[in-house]
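In: predicted model follows, preceded by the sequence.
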Amino acid sequence: MSNAIPDDQRLLLALHHEMNGKSREAQAELERLVAADPDHVLANHILGTLYFHAGMLDRAIERYQIAIAAAPDFVLAFYDLGVAWYHRGNMLEAAAAFRRCLAINPDYKAAHYRLALALFHAGRLDEALSHFEKAVLITPEYLMAHYHMGVIHERRGDFAAAIREFQVSLDEGFHEVSSLHHLSMLRTREPDLRASDPTAQHIDE
């Protein structure tokens, strides 16, 4: 009689370990599971997430890719793959993963914002601006989107638009030093905006 643990029980055991903060034990169970069943979708995905949190990004990416190959519409795996590529510093691969995520589920709010961030750091500012605008339209609480839109407008030389976006990030409760810094620099560089921009008075109050 075999003493092998069935796949579903091993997966449950791994999840139990993870929920109790025993990441190493969970990882060991999942590694045994994927060794026995290399295309196990959930095991590869969860193992990828454990690798990600342990800082093993290449291993995480590999596991997410295996999960996706076995389940091409696994939207969360595409999202997590995008996050892993983002932290790996490959913004174009990250953007591709987030695009695929949105192709599967256009209402995936976080993917709009993450796609915009990846495009921003890849220097594709027009596309980034478009997706930041979509992100705040769908999820107004993503106030960091306003900060990044401000940076894009500032780089384009549209200082009035930049000031408006930085001010929104502050007026809505996102008290972040970078926005204040950019606003201060813009006021110094473009003092004539003070008269034309109705929001200008708030920075001095």
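Out: Looks like it arrived, so ask away. Residues are numbered from 1 along each chain as shown.
In: so which helix or strand takes in the most centrally placed residue in the chain?
Out: Nearest to the mean C-alpha position of the chain, by Cα atoms, centre = their mean, lies Arg114 at 3.8 Å. Using DSSP states H and E, Arg114 maps to helix 109-121.
In: grab the nearest non-local neighbour of the residue nearest to the centre of the chain.
Out: Phe98 (5.1 Å; Cβ to Cβ, 6 or more residues apart in numbering). For every residue, glycine as well, the C-beta is placed using N, CA and C.
In: what's around the one you found, how many residues?
Out: By the criterion of other Cβ atoms under 10 Å, Phe98 has 29 neighbours.
In: next: Arg24.
Out: So Arg24, with other Cβ under 10 Å, has 10 neighbours.
In: now swap in Pro106 and tell me
Out: Around Pro106 there are 11 residues (other Cβ under 10 Å).
In: list the contacts of it.
Out: With contact set as Cβ atoms under 8 Å, 6 or more residues apart in numbering, Pro106 has no partners.
In: helix/strand/coil for it?
Out: The three-state label given to Pro106 by DSSP: H, G, I helix; E, B strand; the rest coil is coil.
In: which residues are in contact with the residue nearest to the centre of the chain?
Out: 79, 82-83, 86, 94, 98.
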